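Q: Generate a structure from the sequence data that follows.
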Amino acid sequence: MRCPNCGRGRLVESWFKVRERCPACQVWLEREEGYFLGAMALNIVIGEFVPVFGGLAVVIFTWPHPPWLILQLVVPITMGLFPVLLFPFSRMLWLALDWTFRPPSRDSRLDHPRPA
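A: Residues are numbered from 1 along each chain as shown. Below you'll find the predicted structure:
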């Protein structure tokens with residue numbers, strides 16, 4: 001949950017809000033409009049497929065008598081909760097993945113990438 005550029009600044013203000021800049025190195029975090037759409041897609045994919053694969057694993061390991069009632073309750077509830085619980089982590093993962101392949105330039109500290 002720290003800046004992928006300097007490793008010092010805490011980037012999350014609240015569970016659903018990421019700072020505009022790193023408080024330590026002042027680098028802009030959102031490079032362009034819609035920058036975190038990939039993070040939302042990553043969040044949905046992870047948050048929905050983990051409970052489904054977990055349910056499939058339970059069915060496979062408890063076959064021929066899987067706990068159907070428990071699966072019918074637990075899997076949909078976790079599919080609803082996981083995207084909310086993973087929200088800030090998916091944004092930080094997106095920043096780390098993007099900055100691995102496109103490191104911020106010196107200019108990203110000076111001017112906002114989206115002109116007002």
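Q: Would you mind confirming that residue 96 makes contact with residue 5?
A: No - using C-beta atoms under 8 Å, residue 96 is not in contact with residue 5, being 10.2 Å away. To be clear about C-beta, it is placed using only N, CA and C from the backbone, and glycine gets the same treatment.
Q: residue contacts, residue 71?
A: Each residue near residue 71 by C-beta atoms under 8 Å, 6 or more residues apart in numbering is listed here: 55, 58-59.
Q: how about these in JSON lines, adding secondary structure, distance to residue 45 and neighbour count?
A: Listed next are the contacts of residue 71 as JSON lines, based on DSSP: H, G, I helix; E, B strand; the rest coil; distance: C-beta to C-beta, whole Å; neighbours: other C-beta atoms under 10 Å:
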{"residue": "55", "secondary structure": "helix", "distance to residue 45": "16", "neighbour count": "19"}
{"residue": "58", "secondary structure": "helix", "distance to residue 45": "21", "neighbour count": "16"}
{"residue": "59", "secondary structure": "helix", "distance to residue 45": "21", "neighbour count": "13"}
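Q: Which one of residue 96 and residue 5 is surrounded by more residues?
A: residue 5 (19 against 12; other C-beta atoms under 10 Å).
Q: distance of the more buried one from residue 14?
A: According to C-beta to C-beta, to the nearest Å, residue 5 stands 21 Å off from residue 14.
Q: any idea of the pLDDT on the most centrally placed residue in the chain?
A: Against the mean C-alpha coordinate of the chain, by C-alpha atoms, centre = their mean, the closest residue is residue 90 at 0.6 Å. Residue 90 carries a pLDDT value of 92.
Q: same deal with the one 10 residues further on?
A: Confidence per residue is given as pLDDT, and for residue 100 that number is 86.
Q: chain center to the helix or strand it falls within, what's the gap?
A: According to DSSP states H and E, residue 100 maps onto helix 87-101. Relative to its chain's centre, helix 87-101 lies at 7 Å (C-alpha atoms, centre = their mean, to the nearest Å).
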